[in-house]
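Q: Just the structure for this:
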Amino acid sequence: MASLYTHSDSNKRKTWAYLAGFFVFIIIVGYIFSVAMEDSSILYIAVIFSIVANFFAYYNSDKMVLMMSQAHEIDHDSNRELYHLVENLCITAGLPTPKIYIIDDTAPNAFATGRDPKHAVIAVTSGLLQKLDKAELEGVIAHELSHIGNRDILLSTVVTVLVGLVVLLADWFRHWSFFGGRRSNSENNQLQLIITIVAIVLSILAPVFAYMLQFAISRKREFAADADGALLTRYPEGLARALEKISADREPLEVANRATAHLYIASPFKETNRIGWLTRMLATHPPVEERIKKLRGLI
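A: Numbers count the residues shown, from 1 in each chain. I've put the predicted structure just below:
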């Protein structure tokens, strides 16, 4: 158990290092594009746009995700057992009770969203309630409460917006290049040509790197939430069994999409278990087998 909780602190430090690297990466991409286009305003526009987009996402991300997921809110009288389970875990964790939503889908899964613990939301599928026992359900809810307590939900939203910005910049530059761009008036045309070629290559590779960094952060947060969730319930076996059931269930989550997949406790897409290095790098979640082994203290 001690080694598992040590992993939690380590993952938090690494995640913030990833996020810092992400900001630096965006500045570099914006700078190279602005030099290639001979327009320094590109970098300023990118920074301003990212601030506005993050501000919008900060206040509206939960509403957008819930709408895409077709979730509906429940209250104490709608499902007393679930409400009391969440409420009791929140008391133990020292968190305010979040709003609780249910997604009418028989595939077992769950996610948390919202900008902070006071404005948080937990959503579970009807399949999760039907297929898990109480200890397993407690493990899943504790995992999601850990995301809330660690501010993972805000971090995830910010990173998603930053990835979108990189993709937008790359698409913008490729269109500019395709239609000829602007003739260079630089005295050093050879250097300008080299910068332009580098920018074109970067416009192709930057979105891939951005997505890989986003997924790396997502995978780290899942390990940390597993550890903190196990600490909260004092029963890691419950979460381990829940992950086994969720991963073994072959029914895909109909309302899930690529934009929201990283939010769920396990990948909502039921793909074949490929273990190539590229597949691992582009996965939104760490392999379930590794998560279960860590929970059970096998490594």
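Q: Now do the nearest residue to S34 once chain neighbours are set aside against L253, distance only.
A: Of all residues not flanking S34 in the chain, I42 sits nearest, at 3.8 Å (C-beta to C-beta, 6 or more residues apart in numbering). In short, each C-beta sits where N, CA and C put it, glycine included. Distance of I42 to L253, given as C-beta to C-beta, to the nearest Å: 39 Å.
Q: Of these two, which one has the most company?
A: L253 (24 against 21; other C-beta atoms under 10 Å).
Q: pretty sure that one is in a helix, no?
A: No: per DSSP: H, G, I helix; E, B strand; the rest coil, L253 lies outside any helix segment and is coil.
Q: Tell me the secondary structure at the closest residue in space to it that isn't next to it in sequence.
A: Setting aside the residues directly before and after it, L253 is nearest to P268 in space (C-beta to C-beta, 6+ apart), at 3.6 Å. Judged by three-state DSSP, the three-state class of P268 is coil.
Q: mind checking the longest helix of the protein?
A: Secondary structure of the chain read by DSSP state H shows that its longest helix is helix 189-233.
Q: what comes up buried for the helix or strand just after that helix?
A: Scanning forward in sequence from helix 189-233 by DSSP states H and E, the next helix or strand is helix 236-248. Residues of helix 236-248 classed as buried: P236, G238, L239, A240, R241, A242, L243, K245, I246, S247 (neighbour count, 16 or more other C-beta atoms under 10 Å).
Q: Help me confirm that the fourth one comes into contact with R296.
A: Yes: counting by C-beta atoms under 8 Å, A240 touches R296, with 5.6 Å between them.
Q: Could you count how many residues lie near the residue nearest to L253?
A: 27.
Q: residues in contact with it?
A: P268 makes contact with A107, N109, P252, L253, A256, A261 under the criterion C-beta atoms under 8 Å, 6 or more residues apart in numbering.
Q: secondary structure class for the fifth one?
A: When the structure is split into helix, strand and coil by three-state DSSP, A256 lands in coil.
Q: Neighbours of it, how many?
A: 22.
Q: what pLDDT does the residue nearest to it when sequence neighbours are not counted get?
A: With sequence-adjacent residues excluded and distances taken as C-beta to C-beta, 6+ apart, A256 is closest to P268, at 3.5 Å. On pLDDT, P268 comes in at 90.
Q: repeat for G276
A: Looking at G276, the pLDDT reads 60.
Q: same check, this time on I100
A: For I100, the model assigns a pLDDT of 97.
Q: mind checking the SS state of it?
A: strand.
Q: was I right about it contacting I122?
A: Yes: counting by C-beta under 8 Å, I122 is a contact partner of I100 at 5.6 Å.
Q: where do the contact lists of the two overlap?
A: With C-beta under 8 Å, 6+ apart, I100 and I122 have common neighbours V86.
Q: higher neighbour count, the two?
A: The neighbour comparison of I100 against I122 (other C-beta under 10 Å) goes to I122, with 25 against 22.
Q: how close does the closest residue to V167 other than its chain neighbours get to K270?
A: Closest residue in space to V167, ignoring its immediate chain neighbours: P207 at 4.7 Å, by C-beta to C-beta, 6+ apart. Remark: distance between P207 and K270 (C-beta to C-beta) = 26 Å.
Q: So for these two, which sits in the more crowded spot?
A: P207 (19 against 12).
Q: With K99 as the reference, measure out to the more buried one.
A: Relative to K99, P207 is positioned 34 Å away (C-beta to C-beta).
Q: now the strands: where do they sit in the stretch 1-150 of the chain?
A: Per DSSP state E, counting those that start in this stretch, the stretch 1-150 of the chain carries strands over the ranges 71-74, 99-103, 110-114, 120-125.
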